[in-house]
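>>> Build me a model from this:
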Amino acid sequence: MTTKTLPGPKGPGLLVKFSTWIGPLPFRQVALLLGVLLAFWFFSANTLQNMQRVNLAPGFGFLFQQANFEIGESVVAYQAGDSYGRALLAGLANTGRAALLGCILATVLGVFLGIARLAGNPLLAALIRGYVEILRGTPLLLQLFLWTGVFQSLPAPRNAITVLDLAFLSNRGVFVPSLTIGGFSSTIWLPLLIVVVAGTIFAARRPFKDKSFYVTKSAALVVLTVGVTLAILSLFGHPPVVEAPVRGGFNIRGGWSLTPEFAALLTGLTINASAIISEIVRSGIQSVRSGQWEAARALGLKPGQIMRLVVLPQALRVITPLMTSNYLDLTKNSSLAVAIGFPDIVSVANTTANTTGQVIESITLIMLLYLSINLAVSALMNVYNRKIALKGALSR
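Below you'll find the predicted structure:
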């Protein structure tokens, strides 16, 4: 059977494609676009004139100038006299540390609370429900103020509260055991270890193609990668060393110290996000049909095995998209650190704007940095979401 090729164009022309793309009422939409561009040009020109009047040169050249302020806490080496760019980098590192640790701790606590609420104990379920309602019904900023007051009212280091002789709580901060590898602190080896684990998971995509990475598989792969990496480092003379804090004179020495501001921020973000995550986990578990539970019981599986092997892998398809949104909210909520004196990227950028006068550029940098972080988190979670999604199902 032969097909005839009809004369004429093979498809719609450029004008038809443009009218289809722009939609109905094209002239009004073009006029609206031109109006927006004109308003943007007007305000930009007005801003540039005002900056020239006060002898401010627009641009980001100030990033290479010397900063004349200190940063009380930073995982990146910084001191007064370094560039503004390095100061912003220190603030960004503080924000990333708070967001990363907050996401991890909130996930662990939220999953535990979500599962515990469905354990069948009425008293425990009522307590968790009250916990969730209080935290979701009060502003996060108010909670941060509360935790700041709690940590600042702790006793002095001499009378610090001791937890199992491993951690100390005082008004100078929280001191917990630290893990160093090859003499490097966690701020150096932890990001590198995360890169190694992420690279291993990415490399495992081809051997495990068309297979879903559920909780057990993902956790086993991460544990195996971490174990092999630490074994190789130990073989080459860089074993991991755990250092516990000890009292020394009027202070506490050793270990990993968290300032009261950072401890309050991390505690507030973790507890607030855990309340939302617990509801996400609870709704995800309840979305699994009762027939799945009954079938697992009929096979003789124990309650823990049912939850780990049957329920959670199916619930993750509901939980993961909502968890992505919660991680993004936690990252953005970390900007409230400026209200309790923690030097995050917003606090450092505000100080930079006040000392240089480059307000618009500083705000633009804050927006771009938060946008970049959120896009990166969203991209990673979307990759995992595609892995656990049903094949042939509509993508979320």
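
>>> how much space between residue 277 and residue 109?
8 Å (C-beta to C-beta, to the nearest Å). C-betas here are computed from N, CA, C, even on glycine.

>>> the more surrounded of those two?
Neighbours were tallied for residue 277 and for residue 109 using other C-beta atoms under 10 Å; the higher tally belongs to residue 277 (27 against 17).

>>> which SSE is residue 247 in?
Element membership for residue 247, per DSSP states H and E: strand 246-248.

>>> er, residue 42 I mean
Here residue 42 is assigned to helix 26-53, by DSSP H and E.

>>> I'd like the next helix or strand past that helix.
Per DSSP H and E, the helix or strand that comes after helix 26-53 is helix 84-117.

>>> Off-centre distance for that next one?
Taking C-alpha atoms, centre = their mean, to the nearest Å, one finds the center of helix 84-117 at 5 Å from the center of the full chain.

>>> just checking, what packs against that helix?
Under the contact criterion of 3 or more C-beta pairs under 8 Å, 6 or more residues apart in numbering; DSSP states H and E, helix 84-117 touches helix 122-136, helix 260-286, helix 312-333, helix 345-356, helix 359-388.

>>> what angle do the longest one and helix 312-333 make?
Relative orientation of helix 359-388 with respect to helix 312-333: 180 degrees, computed using axes from the mean of the first three to the mean of the last three C-alpha atoms, to 10 degrees.

>>> To residue 299, which of the helices and strands packed on helix 84-117 lies closest?
helix 312-333 (15.2 Å; C-beta to C-beta).

>>> in that closest one, what counts as buried?
Buried residues in helix 312-333, counting neighbours by 16 or more other C-beta atoms under 10 Å, are found at 312-320, 322-324, 326-331, 333.

>>> and that helix, what does it pack onto?
Against helix 312-333 (3+ C-beta pairs under 8 Å, 6+ apart) you get helix 84-117, helix 215-235, helix 260-286, helix 359-388.

>>> now the angle from the first one to helix 122-136?
Yep, that's helix 84-117 we're talking about. 150 degrees.

>>> Let me know the average pLDDT across helix 84-117.
The pLDDT scores in helix 84-117 average 90.

>>> tell me the pLDDT at residue 264?
92.

>>> Confirm for me that residue 106 is in contact with residue 273.
Yes - here residue 106 reaches residue 273: they are 3.7 Å apart, a contact under C-beta atoms under 8 Å.

>>> nearest residue to residue 365 other than its sequence neighbours?
residue 349 (6.2 Å; C-beta to C-beta, 6 or more residues apart in numbering).

>>> any idea how far that neighbour is from residue 80?
For residue 349, the distance to residue 80 - C-beta to C-beta - is 17 Å.

>>> More neighbours: those two, which one.
Using other C-beta under 10 Å, the more surrounded residue of residue 349 and residue 80 is residue 349, with 25 against 11.

>>> State the distance from that one to residue 47.
Residue 349 is 18 Å from residue 47, by C-beta to C-beta.

>>> Low-confidence ranges, the stretch 151-300 of the chain, go.
182-188, 201-219, 221, 249 (pLDDT under 70).

>>> let's go with 90 and repeat that
151-260, 282-300 (pLDDT under 90).

>>> Residue 169: neighbouring residues, count only.
Residue 169 has 22 nearby residues by other C-beta under 10 Å.
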